[in-house]
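Q: sequence plus predicted model, see below.
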Amino acid sequence: MHSILFFAVGVVVLSLALKEVTIGDQAKVVRSIGQSGIDFFASVIAMFLGISTIWKELEKKTIYTLLSKPIPRWMFLMGKYAGLMLTVIVEVVLLAVLYSLLMMVQQSFPPPVFFVSVALLIVELMLITAWSILFSSYSAPTTATAFMIATFCIGHLADDIWLFSNSAETPIFRQMGSFLYWTLPNFEALSIREAAIHGREIPWERVGFALMYGLSYTMAVLVAATAIFKRRDIP
């Protein structure tokens, strides 16, 4: 986590240097790279912390001590999730503060839409962490990593998958595309980064939909993870 956070800070800081080598609207390019770096590295931290959390407990055998106490498994799982989210939120806040300070030095203080975008990023990370917990609740880290990367990529390409599947001539491809679109998360629906980069007005309707979609989907994934973890045989 510390290594990823170090690279995230490096990307945010080095984005300032691109102003000198960028052709076009230099200020927007700097904002785009800085905010994209925050989103990407925060997502990577959320994914890999979530994937490894239960496996580390099993590897170090600390889970046996915990589950021997009068603690239900759902409470153990939710406690791990809450701890992970606190860690991720602190990381996002640190990067957002660093970005704001750098923007004040080079351009101007970020508009309110940037901070709303960061709040929606936290909602997106809640969903990513929930999926990571779900995969780690029943599979090994390697398998969970493959599943999580696939879910992350599909979630960011959901709209493209929908368009390509609808234009396919084979019915099975259209059905598969529709299944993936409606079953797996659409992370782009939780992002207003484009509005933040261009300094537009806050799209409150989209923000409201994103909050309802992200929070309800997160709850559903956590319920599924809890149900699976309850049935897992831990000798």
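A: That came through, no problem.
Q: from here on, contacts and neighbour counts on C-alpha atoms
A: Noted.
Q: so what does the helix or strand harbouring residue 209 touch, helix or strand wise?
A: Residue 209 belongs to helix 204-231 when elements are defined using DSSP states H and E. On a contact count with 3 or more C-alpha pairs under 8 Å, 6 or more residues apart in numbering; DSSP states H and E, helix 204-231 meets helix 73-106, helix 112-136.
Q: and for the chain, the residue most distant from the center?
A: The outermost residue of the chain, judged against the average C-alpha position, is residue 169 (33.4 Å), by C-alpha atoms, centre = their mean.
Q: give the burial count for the closest residue in space to residue 50 that isn't next to it in sequence, as a bare number.
A: Distance criterion C-alpha to C-alpha, 6 or more residues apart in numbering; nearest residue to residue 50, sequence neighbours excluded, is residue 132 at 4.8 Å. Residue neighbour count, defined by other C-alpha atoms under 10 Å, stands at 30 for residue 132.
Q: where does the prediction get shaky in this protein?
A: Filtered on pLDDT under 70, the chain yields the residue ranges 1-8, 11-25, 234-235.
Q: about what we covered before: and the helices and strands packed on helix 204-231: which comes nearest residue 57?
A: Nearest of these to residue 57, taken as C-alpha to C-alpha: helix 73-106 at 10.3 Å.
Q: the helix holding residue 209 vs helix 112-136, what angle?
A: 20 degrees (axes from the mean of the first three to the mean of the last three C-alpha atoms, to 10 degrees).
Q: how far does helix 204-231 sit from the chain's center?
A: 13 Å (C-alpha atoms, centre = their mean, to the nearest Å).
Q: in it, what's buried?
A: 207, 210-211, 213-214, 217-218, 221-226, 229 (16 or more other C-alpha atoms under 10 Å).
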